[in-house]
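In: Provided below are the primary sequence and the corresponding predicted coordinates.
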Amino acid sequence: MRLAVTAGYWGAGPPAGAAEQFDAAERLGIDQVWTAEAYGSDAWTPLAWYGSRTSRVQLGTAVSQLSARPPATLAMTAMTMDHLTKGRVMLGIGTSNPQVVEGWYGQPYPRPLERTREYVDILRKVIARAEPVSYDGKHYQLPLAGGTGLGKPLRSILHPFRTVIPVYLGAEGPKNVALAAEIADGWLPMFFSPAMNDFYATALAEGFGRPGARHSAATFDVVGGPLGIVPDDDVERAADRLRPALALYIGGMGARGVNFHYEVFARMGYEGQARAIQDHYLAGDKKAAIAAVPTALVEDVALIGPWAKIADEIQRWQETVLTTFLASCDLRLLEKVAGLVR
């Protein structure tokens with residue numbers, strides 16, 4: 001099993017220790033480092049800034065939001081980074097949710113799977129640089145339909161370092177997971193739980209079985225892991241470290257009825273608890289929302305408690321569809337966690 005770490009996205013400013021995290025990944029033989037974005041810090045700038053300190057580890061975005069950039073722009077960015085890193089870029093993309101897409105980017109959200117398929121098609125055409133790019137989709141047209149009429153198909157001036165850059169999809173629902181298995185080179189799950197492994201294995205198998213699928217399970221990369229790894233002899237105290245993040249995503253990251261993170265936990269068997277968390281959060285009572293996160297829910301998506309408990313439970317994660325273990329932990333624990341996984 002490969003190993004990965006994530007630098008996430010920022011709040012008030014660059015997080016302390018971000019540079020050291022990239023250094024540690026390089027030093028400890030970690031395979032991948034991933035950055036993220038929401039509606040603040042972007043994924044690509046820190047990947048380039050801190051990634052310039054590395055020479056071996058692969059560098060990816062988990063995820064670069066699809067609506068933030070036209071596909072040609074994202075292809076240009078990935079191609080540029082691929083040259084600078086000598087072929088170490090992994091291109092993770094995702095659709096986000098209607099609140100961010102329409103509220104932040106001012107772009108339409110409907111039919112996200114269809115848009116993703118077209119977007120990836122164009123990305124690959126631009127990166128391959130086999131011919132001038134033209135595309136006549138429902139959501140994307142190159143050249144633009146109905147414009148001045150002066151647009152013409154173009155081919156990138158930049159010759160690619162690699163004509164194929166691996167594409168990963170961030171996905172949570174079964175249809176989106178199946179799409180990842182069909183058209184992408186990897187899947188970036190969020191809030192993965194070993195308890196849901198059969199559910200996800202079925203969704204992946206559906207995608208692998210479609211005509212024209214790029215991969216089988218043997219060659220497809222699934223990058224995921226616990227929400228956090230928090231060693232503490234007091235399990236409740238460890239769970240308290242992660243309850244705020246879970247309450248935010250279950251309760252506040254998406255509108256009622258259109259919160260994909262909420263749906264993950266509902267499918268996991270926590271629909272009643274997720275509804276209570278969301279009710280509190282949307283009513284403005286964040287403390288009650290945090291308190292409503294059950295310890296069992298935290299344990300389903302995280303590794304918490306004494307080291308012996310963590311070492312025992314980590315085996316469950318290694319017996320899943322995951323092929324790359326994403327270690328979300330304090331930097332000081334990374335070497336020990338890497339040892340447990342290996």
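Out: Arrived safely.
In: Please, where are all the helices along the chain?
Out: 18-28, 44-51, 71-84, 98-103, 112-128, 174-183, 197-208, 235-252, 260-265, 271-282, 286-291, 295-301, 307-318, 334-341 (DSSP state H).
In: Out of those helices, flag the one nearest residue 65.
Out: With Cβ to Cβ as the measure, helix 98-103 is the member of these nearest residue 65 (7.1 Å). Where you see a C-beta, it was placed from the backbone N, CA and C, and this is true even at glycine.
In: that older thread, may I see the helices of the chain organised as CSV, with mean pLDDT and distance to residue 35 added?
Out: Listed next are the helices of the chain as CSV, based on pLDDT from 0 to 100; distance: least, Cβ to Cβ, whole Å:
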stretch, mean pLDDT, distance to residue 35
helix 18-28, 96, 9
helix 44-51, 98, 5
helix 71-84, 98, 11
helix 98-103, 95, 17
helix 112-128, 98, 18
helix 174-183, 98, 19
helix 197-208, 98, 24
helix 235-252, 97, 17
helix 260-265, 96, 20
helix 271-282, 98, 26
helix 286-291, 98, 26
helix 295-301, 98, 21
helix 307-318, 97, 22
helix 334-341, 96, 17
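In: As TSV, those with mean neighbour count and distance to residue 167 would be great.
Out: Formatted as TSV, the helices of the chain follow (neighbours: other Cβ atoms under 10 Å; distance: least, Cβ to Cβ, whole Å):
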stretch	mean neighbour count	distance to residue 167
helix 18-28	18	22
helix 44-51	20	15
helix 71-84	20	9
helix 98-103	16	19
helix 112-128	20	6
helix 174-183	22	8
helix 197-208	18	14
helix 235-252	20	24
helix 260-265	21	20
helix 271-282	19	31
helix 286-291	17	35
helix 295-301	20	25
helix 307-318	15	24
helix 334-341	17	25
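In: Redo those as TSV? Include distance to residue 8.
Out: Listed next are those as TSV, based on distance: least, Cβ to Cβ, whole Å:
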stretch	distance to residue 8
helix 18-28	9
helix 44-51	9
helix 71-84	19
helix 98-103	16
helix 112-128	23
helix 174-183	21
helix 197-208	22
helix 235-252	10
helix 260-265	15
helix 271-282	21
helix 286-291	19
helix 295-301	16
helix 307-318	19
helix 334-341	14
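In: which one of those helices lies closest to residue 163?
Out: Between the helices of the chain, helix 112-128 lies closest to residue 163; by Cβ to Cβ that is 4.9 Å.
In: and that closest one, what does it pack onto?
Out: The contact analysis (3 or more Cβ pairs under 8 Å, 6 or more residues apart in numbering; DSSP states H and E) places helix 112-128 against helix 71-84, strand 89-94, strand 135-136, strand 167-170, helix 174-183.
In: before we move on, the earlier item: wait, which of the helices of the chain is closest to residue 9?
Out: Nearest of the helices of the chain (Cβ to Cβ): helix 44-51, 8.6 Å.
In: on that earlier part again, among the helices and strands packed on helix 112-128, which comes closest to residue 46?
Out: helix 71-84 (12.0 Å).
In: name the helices or strands packed onto that closest one?
Out: Where contact means 3+ Cβ pairs under 8 Å, 6+ apart, helix 71-84 is packed against helix 44-51, strand 89-94, helix 112-128.
In: re the thing from before, out of the helices of the chain, nearest to residue 224?
Out: Using Cβ to Cβ, the nearest of the helices of the chain to residue 224 is helix 307-318, at 8.4 Å.
In: tilt between that closest one and helix 235-252?
Out: For helix 307-318 against helix 235-252, the angle by axes from the mean of the first three to the mean of the last three Cα atoms, to 10 degrees is 40 degrees.
In: For residue 19, see how far away the nearest residue to residue 56 once chain neighbours are set aside is.
Out: Spatially, and ignoring its direct neighbours in sequence, residue 56 is nearest to residue 26 (5.9 Å; Cβ to Cβ, 6 or more residues apart in numbering). Distance, residue 26 to residue 19, using Cβ to Cβ, to the nearest Å: 11 Å.
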